[in-house]
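Asks: Following is a predicted model, sequence given first.
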Amino acid sequence: MSIHSTARIHPSSVVADTAIVGARCSVGPFCTIGADVELAEDCELVSHVVVDGHTRLGSGNKIFPFTAVGVPPQDLKYQGEPTQVEIGDRNVIREYVTISRGTKGGGGITRLGSDCLVMAYAHIGHDSQVGSHCILANGATLAGHVTIEDYATLGALSAAHQFCRIGRYAFVGGGSIIIQDVLPFSLTSAKRDAHAFGLNRVGLQRRGFSQEQMRDLHHAYKTLRGAKLNTTQAVEKLKAEEVSSDEVRYLIDFIESSTRGILK
């Protein structure tokens, strides 16, 4: 066991002999830390937290009661391989969240970036890749192999199908069922079938996007939603315009690299 001298471990918690607990960490009552777990400095496990498997937490993470991190994936093909979970810095992970470790067939690692808020009862399935500055609201569910890019938000009780991608700065409304890729910068929601309503204007303004960036993205979305153009035609039109905006180029690349299709 490697526990830094400044770490505080409640006597009711169980820490495996080979676990690493960094400086100024706080492990509250009734937590369990597995043999291959590493906590960097300043992490706090409030109480009743399980961290298992080959799991590494960066610095300054706070995990609330009854959360399970690094537990075996909910995949019948999993045979106990030493797969991993990697979590960045300064995340807040609320009550009853589950984060499964990866599978051999899916790349072997589940990732959560830095500065994310993962609200109560959310689930990050095996081999999913979640970027930084993301928000997963209460009960948001990621099936295996989902990719969530930086600054994306998933509303409460939303669910993403396996292998879907949700682009940067996208906002997915509560209760949405995502079965195709969600466009970057979009406001996407569902009453029956999920679809993109348009640009996530409020979110982009809050993140400091300039008027020029907003104008370029508005034009791109107007082109994509044009009634007389399918997605391929709209993308070709945007490329022909030789738009200089980095955001529009990224939007085009995202669409062209999609394997599941996009929500339009």
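Replies: Thanks, I have the structure now.
Asks: Give the residue farthest from the middle of this structure.
Replies: residue 228 (34.7 Å; CA atoms, centre = their mean).
Asks: Give me the distance between that residue and residue 249.
Replies: Between residue 228 and residue 249 the computed distance is 24 Å (CB to CB, to the nearest Å). No exception for glycine: its C-beta is placed from N, CA and C like everyone else's.
Asks: next one: residue 125
Replies: 31 Å.
Asks: In terms of neighbours, single out the busier of the two.
Replies: Between residue 125 and residue 249, counted using other CB atoms under 10 Å, residue 125 has the larger neighbour count: 23 against 15.
Asks: Tell me the secondary structure at the residue lying closest to the more buried one once chain neighbours are set aside.
Replies: In space, and not counting its chain neighbours, residue 125 is closest to residue 144: 4.3 Å by CB to CB, 6 or more residues apart in numbering. Following DSSP: H, G, I helix; E, B strand; the rest coil, we place residue 144 in the coil state.
Asks: Test my guess that residue 163 contacts residue 146.
Replies: Yes: with contact defined as CB atoms under 8 Å, residue 163 counts as touching residue 146 (7.2 Å).
Asks: So for these two, which sits in the more crowded spot?
Replies: Counted by other CB under 10 Å, residue 163 and residue 146 do not tie: residue 146 has more neighbours, with 25 against 16.
Asks: What separation is there between that one and residue 126?
Replies: 10 Å.
Asks: overlap in contacts of these two?
Replies: By CB atoms under 8 Å, 6 or more residues apart in numbering, residue 146 and residue 126 have no common neighbours.
Asks: where in the protein is pLDDT low?
Replies: Residues of the chain that meet the criterion pLDDT under 70 lie in 1, 190-196, 227.
Asks: try it again with 80
Replies: Low-confidence segments of the chain, defined by pLDDT under 80: 1, 190-197, 226-227, 242-244, 264.
Asks: Who is the spatially most central residue of it paired with across the strands?
Replies: Taking CA atoms, centre = their mean, the centroid of the chain lies closest to residue 130, which sits 2.7 Å from it. Taking DSSP bridges, one obtains residue 112, residue 148 as the residues bridged to residue 130.
Asks: likewise residue 85?
Replies: For residue 85, the beta-bridge partners are residue 55, residue 110 (DSSP bridges).
Asks: how deep is it tucked in, by neighbour count?
Replies: Using other CB under 10 Å, residue 85 has 25 other residues around it.
Asks: Surely it touches residue 72?
Replies: No: using CB under 8 Å, residue 85 is not in contact with residue 72, being 10.9 Å away.
Asks: and for these two, which residues touch both?
Replies: Counting by CB under 8 Å, 6+ apart, the shared contacts of residue 85 and residue 72 are 53, 100, 101.
Asks: which ones are touching the second one?
Replies: If a contact means CB under 8 Å, 6+ apart, then residue 100 has 70, 71, 72, 73, 74, 85, 110, 123, 124, 125, 126, 144 as its contacts.
Asks: go on, residue 198?
Replies: Neighbour list for residue 198: 186, 187, 221, 225 [criterion: CB under 8 Å, 6+ apart].
Asks: can I get these in TSV with secondary structure?
Replies: Listed next are the contacts of residue 198 as TSV, based on three-state DSSP:
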residue	secondary structure
186	strand
187	strand
221	helix
225	coil
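Asks: nearest to residue 17, of these?
Replies: residue 186 (48.5 Å; CB to CB).
Asks: Test my guess that that closest one contacts residue 168.
Replies: No: Residue 186 lies out of contact with residue 168 (CB under 8 Å); the separation is 10.1 Å.
Asks: ok, these two, which is more surrounded?
Replies: Higher neighbour count among residue 186 and residue 168: residue 186, with 28 against 20, using other CB under 10 Å.
Asks: Would you mind measuring from the more buried one to residue 34?
Replies: 39 Å.
Asks: and what of residue 25?
Replies: Distance, residue 25 to residue 34, using CB to CB: 15 Å.
Asks: Of these two, which one has the most company?
Replies: Set residue 25 next to residue 34 and count neighbours by other CB under 10 Å: residue 25 wins out with 24 against 19.
Asks: list the contacts for the more buried one?
Replies: Residues near residue 25 by CB under 8 Å, 6+ apart: 4, 7, 8, 39, 41, 42, 43, 44, 45.
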